[in-house]
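# Mind looking at a prediction? Sequence and model below.
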Amino acid sequence: MTVLWKRVVVKLSGEALMGATSHGLDQGTLERIAADLAAGASAGVEIAVVVGGGNFFRGIQGADKGIDRARADSIGMLATVMNALALEHAIEKAGHSARALSAIPMPYVCQPYSRQAALNHLGKGRVTVLAGGTGNPFFTTDTGAVLRAAELSADAVMKATQVDGVYSADPKKDPAAVRYDHLTHDDAISKNLAIMDTAAFALARENHIPIIVFSIAEANAISSALQGKGRSTIVAP
Ligand SMILES: Nc1ncnc2c1ncn2[C@@H]1O[C@H](COP(=O)(O)OP(=O)(O)OP(=O)(O)O)[C@@H](O)[C@H]1O
Ligand SMILES: O=c1ccn([C@@H]2O[C@H](COP(=O)(O)O)[C@@H](O)[C@H]2O)c(=O)[nH]1
């Protein structure tokens, strides 16, 4: 496998882990994605995975139901820890070494996140699964992914999601939405494209980090994206 990047942060949507179910974790999907990550790491790419929590809980939805937003976001961050532990185990089962690190320290279940610990695991070829987003409420795991990419000097953020790229509008709501092959961070921000939050795009722009958006529904989606193959949108200057 000829790969484009030496070190990447893969942003894995929590919803991607539900497979065809409506909530939580689908074991077959987890195993497929774990094997794909293991293949990428075996090809020599240092892979950190920032995992979302939308298959369990989103803070904003909890806040809509009357839970204090900061409390609701804490629940959301804990959801990402559940996904990270499941993914760490699935990657190990797929035959590749993995470590989960949490931005919210909970040493009984996994190692607390630190930049040094993450760099150490990446340097040893372990798929490093980063839980808890930024560790702060009022953020998302998209912003967490770009933040980790900046502090770990990753070459790119690879957003593995439900859609095959960035569209002019949410394609799940607007069938007439048009897909972009390439756009700049400025375009994504000025057009208010909600595939990622503005904070994530702004941080990526400031730190010159390209973002590759692709669908995780395809077989070997991550390995293909690492080789520059398959359908995707590239957000870069
Ligand atoms: N302009 C757009 N182009 C493409 N997708 C868009 C756009 N605007 C909104 N979306 C929606 O954004 C979603 C991508 O978000 P994603 O599923 O990765 O959520 P997340 O918050 O990052 O993760 P989680 O699933 O854990 O909540 C797509 O499923 C798509 O419906
Ligand atoms: O830095 C962060 C990251 C996430 N959260 C909360 O977790 C959920 C799930 O994350 P998604 O990015 O939506 O998958 C999110 O809705 C927030 O409530 C957070 O508070 N801080």
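Ah, there it is. Ligands and ions are numbered 1, 2, ... in the order given.

# Report the contact partners of Val10.
By Cβ atoms under 8 Å, 6 or more residues apart in numbering, the contact set of Val10 is Leu37, Ile47, Ala48, Val49, Val50, Val157, Met158, Ala160, Ile222. To be clear about C-beta, it is placed using only N, CA and C from the backbone, and glycine gets the same treatment.

# from those residues, which ones fall inside helices?
Of the contacts of Val10, the ones assigned to helices by DSSP state H are Leu37, Ile222.

# and the lowest-mean-pLDDT helix or strand in the chain with ligand 2, contact?
Here the helix or strand of the chain ranked lowest by mean pLDDT, DSSP states H and E is helix 59-64, holding a mean of 94. Yes: interface with ligand 2: helix 59-64 contributes Gly59, Ile60 (Cβ under 6 Å from any ligand atom).

# now swap in stretch 140-154 and tell me
Yes: against ligand 2, stretch 140-154 shows contacts by Cβ under 6 Å from any ligand atom at Thr140, Thr141, Asp142, Gly144.

# Where does pLDDT dip in this protein?
In the predicted model of the chain, no residue satisfies pLDDT under 70.

# Quick check: the gap between the residue lying farthest from the centre of it and Ala117.
Ranked by distance from the centre of the chain (Cα atoms, centre = their mean), the top residue is Gly66, with 27.7 Å. Distance, Gly66 to Ala117, by Cβ to Cβ, to the nearest Å: 37 Å.

# go on, Asp26?
29 Å.

# now do Gly125
Distance, Gly125 to Ala117, using Cβ to Cβ: 15 Å.

# buried residues in the top helix by length along the chain?
Assignment by DSSP H gives helix 69-93 as the longest helix of the chain. The neighbour-count check on helix 69-93 (16 or more other Cβ atoms under 10 Å) flags 72-88, 90-92 as buried.

# Could you list which of those also contact ligand 2?
For ligand 2, the contacts drawn from these by Cβ under 6 Å from any ligand atom are Asp73, Gly76, Met77, Ala79, Thr80.

# okay if I get those as CSV plus distance to ligand 1?
Shown next, in CSV, are these (distance: Cβ to the nearest ligand atom, whole Å):
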residue, distance to ligand 1
Asp73, 13
Gly76, 9
Met77, 11
Ala79, 8
Thr80, 8
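
# re the thing from before, considering the contacts of Val10, which is situated nearest to ligand 2?
Distances from ligand 2 to those, taken as Cβ to the nearest ligand atom, are shortest for Val50 (8.7 Å).
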